[in-house]
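Peer 1: The following comprises the amino acid sequence and a computationally predicted model.
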Amino acid sequence: MGIGKIARDQHVPALAGSADFTLAATASRNARVEGVEGFADLATLLEARPDIPCVSLCTPPVPRFDDARRALLAGRHVMLEKPPGATLAEVHDLEALAAARGLTLFATWHSRHAAAVGAARDWLAGRTIRRLSIAWKEDVRRWHPGQDWVFEPGGLGVFDPGINALSVLTAIFPRPLHLAAAELTFPANRQTPIAATLAFRDPGGAEVGAVFDWRQEGPQTWDIRIETDGSTALLSDGGARLSVDGTEVAAGPDREYPGLYARFAELLAAGGSEVDLSPMVHVADAFTLGRRHVTDAFDW
Ligand code: NAP
């Protein structure tokens, strides 16, 4: 559901290459996929196609809850784009509903399926971490052209990409972190931040921080630099490459969305759900603790 940028860029191709799933129908107010039955909304699809067992929601986070609930109430398994909802409480609600109905709910974090994330987690395990710094800097005009929802309440602003970095952080860091401080920079005419700086408290003593910025033109940066007592690692390209002391040790092609659908198939086969809200907890805490700064108005 929601035939927009990410559905076209990633979900439709991933489904076309999947041995586990077939794209049977779409629900989208304005768009369709050629050769596939299309409905204007999910309620009509669910009514017309009781044979469809799974729904993948690719709409923005604010309108997603009602449809996720609708799909679960109609007895369908559900996969959610990231972030899994507009609030933590609504995702808890969906998780409870899925459990009560014996259905699978999969809250996806596509960046966790980047090629070198598993290698980074394994490399870090058992090391003494001194410092970890995230730099996630991209051009919002390039990646979200005209998508005003990202600057509306619930659209997360720069945390829309930043939460991808936090999904990797929470997957590779060997223990839970707490947010300690945040600086949030809002365009004068917008509801969500265009830049953010985060500092975390690590019970293990490492200095952990992140800088997110949506104003970066030219080369884009999605890097996590980790200093341990012995060496320095760089997880770059959004998790696609890992180098240690300047030597590449893991890399691979972009298989994030095929990885998500393979994981969804595993969850369906096992009859389980996967809902890890830890990246979203850090974002919610940043909005709770964040110090507000105002910068130039933003227009596309
Ligand atoms: P998008 O293109 O703006 O929206 C997807 C589609 O959802 C729209 O084309 C629209 O289709 C439908 N939609 C929009 N607003 C709606 C509303 N209020 N109610 C019902 N349907 C609505 O957004 P996107 O970039 O694909 O992002 C969707 C989700 O994927 C977000 O959570 C985002 O974080 C995540 N994501 C995006 C990217 C990316 O590169 N853009 C990457 C990874 C993940 P109709 O008008 O046809 O209904």
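Peer 2: Thanks, I have the structure now.
Peer 1: and the closest residue to Asp20 other than its chain neighbours, how far is that from the ligand?
Peer 2: Leaving out its chain neighbours, the residue that sits closest to Asp20 by C-beta to C-beta, 6 or more residues apart in numbering is Ala265, at 3.8 Å. To be clear about C-beta, it is placed using only N, CA and C from the backbone, and glycine gets the same treatment. Ala265 sits 20 Å away from the ligand when distances are taken as C-beta to the nearest ligand atom, to the nearest Å.
Peer 1: Just say helix, strand or coil for Ala265.
Peer 2: helix (DSSP: H, G, I helix; E, B strand; the rest coil).
Peer 1: Contacts only, for it.
Peer 2: Taking C-beta atoms under 8 Å, 6 or more residues apart in numbering as the criterion, Ala265 is in contact with 18, 20-21.
Peer 1: Could you save the residues you listed as a markdown table and add columns showing neighbour count, pLDDT and secondary structure?
Peer 2: Shown next, in a markdown table, are the contacts of Ala265 (neighbours: other C-beta atoms under 10 Å; pLDDT from 0 to 100; DSSP: H, G, I helix; E, B strand; the rest coil):
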| residue | neighbour count | pLDDT | secondary structure |
| --- | --- | --- | --- |
| Ser18 | 16 | 98 | coil |
| Asp20 | 13 | 98 | coil |
| Phe21 | 20 | 98 | coil |
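Peer 1: Pipe these into CSV and attach distance to Ala270 per row.
Peer 2: Compiled in CSV, the contacts of Ala265 are given as follows (distance: C-beta to C-beta, whole Å):
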residue, distance to Ala270
Ser18, 17
Asp20, 13
Phe21, 16
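Peer 1: Can you list the buried residues in stretch 56-75?
Peer 2: Buried residues in stretch 56-75, counting neighbours by 16 or more other C-beta atoms under 10 Å, are found at 56-62, 64-65, 67-68, 70-72, 74.
Peer 1: Run through the helices of this protein in chain order.
Peer 2: Chain-ordered helices for the chain, with DSSP state H as the definition, fall at 5-6, 12-16, 42-48, 61-73, 88-101, 117-124, 140-143, 159-172, 256-270, 278-289.
Peer 1: so which of those is the most packed in?
Peer 2: Using mean count of other C-beta atoms under 10 Å, the stretch among these with the largest mean neighbour count is helix 159-172, at a mean of 24.
Peer 1: What lies in contact with that one?
Peer 2: So helix 159-172 is in contact with 82-83, 109-112, 114, 117, 120-121, 124, 132, 134, 136, 138, 143-144, 150, 156, 176-177, 192-193, 196, 208, 210, 212, 214, 222, 224, 235, 238-239, 276, 278-280, 282-283, 286, going by C-beta under 8 Å, 6+ apart.
Peer 1: now the helices of the chain as JSON lines including mean pLDDT?
Peer 2: As requested, the helices of the chain are arranged in JSON lines below (pLDDT from 0 to 100):
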{"stretch": "helix 5-6", "mean pLDDT": "96"}
{"stretch": "helix 12-16", "mean pLDDT": "98"}
{"stretch": "helix 42-48", "mean pLDDT": "98"}
{"stretch": "helix 61-73", "mean pLDDT": "98"}
{"stretch": "helix 88-101", "mean pLDDT": "98"}
{"stretch": "helix 117-124", "mean pLDDT": "98"}
{"stretch": "helix 140-143", "mean pLDDT": "96"}
{"stretch": "helix 159-172", "mean pLDDT": "98"}
{"stretch": "helix 256-270", "mean pLDDT": "98"}
{"stretch": "helix 278-289", "mean pLDDT": "98"}
